[in-house]
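>>> Starting from these lines, generate the structure:
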Amino acid sequence: MGSIPTDSRVRVYIACSLDGFIAGPGDDLSWLPQPDTESKVDSARDSGALEFGSFLDQVGALAMGRRTYDAVTAFDGVWPYGERPVFVATHRALEPTTLNVRGVAGDISEVIAAAREAAGEKDVYLDGGALIRQAVDAGLVDEITVTFVPVLLGQGVSLFAGVTKRHALELVGHSRFGSNLLQLHLRPNR
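Purely as a prediction, here's the structure:
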């Protein structure tokens, strides 16, 4: 493996229900807001919120869990990550949807190291509940952006339930996003 850039960051960008779920029962994502419209992008700029397209412009590679990959490939439309390398943490056979998708196995530090090397000077986008929790526990996450959607799901896939220890986070910013969302920008308090 080559040298890994030291100024690239490992970042989480995720939407969450008000009661802490990133997916409903059966991995239901129908509660998520529709993709950004121009008015939401303008609102994000005006409020200081980080719109997904702007975030993705800073990303050189992604690492995601297999469950997240399966959910994203089930969406209608264009592959949302463009030509960026995508490392899918899995122990099962993977049939990539694009040439830039690769299955990887190993512990979380190995998965992130592969993504960081591919990202070059850009950041790594970490996605998927289990992968995020593992990376937080390993101290490998540099920044977390959570956009809260005002909906209560009651059950589903929790964002942080299951971390193995307490993690203090520093709130570095918050913004209203669109007409109905709240975005928090956090960093681990190291």
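>>> quick check, residue 147 in a helix?
No - with DSSP: H, G, I helix; E, B strand; the rest coil as the criterion, residue 147 is located in strand rather than a helix.
>>> That one contacts residue 15, correct?
Yes - in this structure residue 147 lies within contact range of residue 15 using Cβ atoms under 8 Å: 4.7 Å. No exception for glycine: its C-beta is placed from N, CA and C like everyone else's.
>>> Extract the residue ranges of the protein that are flagged as low pLDDT.
Within the chain, the stretches with pLDDT under 70 are 1-6, 35-47.
>>> quick one, what contacts the residue at minimal distance from the centre of it?
For the chain, the residue sitting closest to the mean C-alpha position, by Cα atoms, centre = their mean, is residue 127 at 3.3 Å. Residue 127 sits next to 12-14, 62-65, 68 when contact means Cβ atoms under 8 Å, 6 or more residues apart in numbering.
>>> Please report how far it lies from residue 190.
Computed as Cβ to Cβ, to the nearest Å, the residue 127 to residue 190 distance reads 22 Å.
>>> cool, and residue 108?
As defined by Cβ to Cβ, residue 108 lies at a distance of 17 Å from residue 190.
>>> who has more neighbours, the two?
Ranked by neighbour count (other Cβ atoms under 10 Å), residue 108 and residue 190 place residue 108 first, with 20 against 8.
>>> so the more buried one touches residue 141, yeah?
No - between residue 108 and residue 141 there is no contact under Cβ under 8 Å: 10.1 Å.
>>> Pull up the overlap in contacts between these two.
Common contact partners of residue 108 and residue 141 (Cβ under 8 Å, 6+ apart): residue 135.
>>> I'm done for today, thanks for sticking with me.
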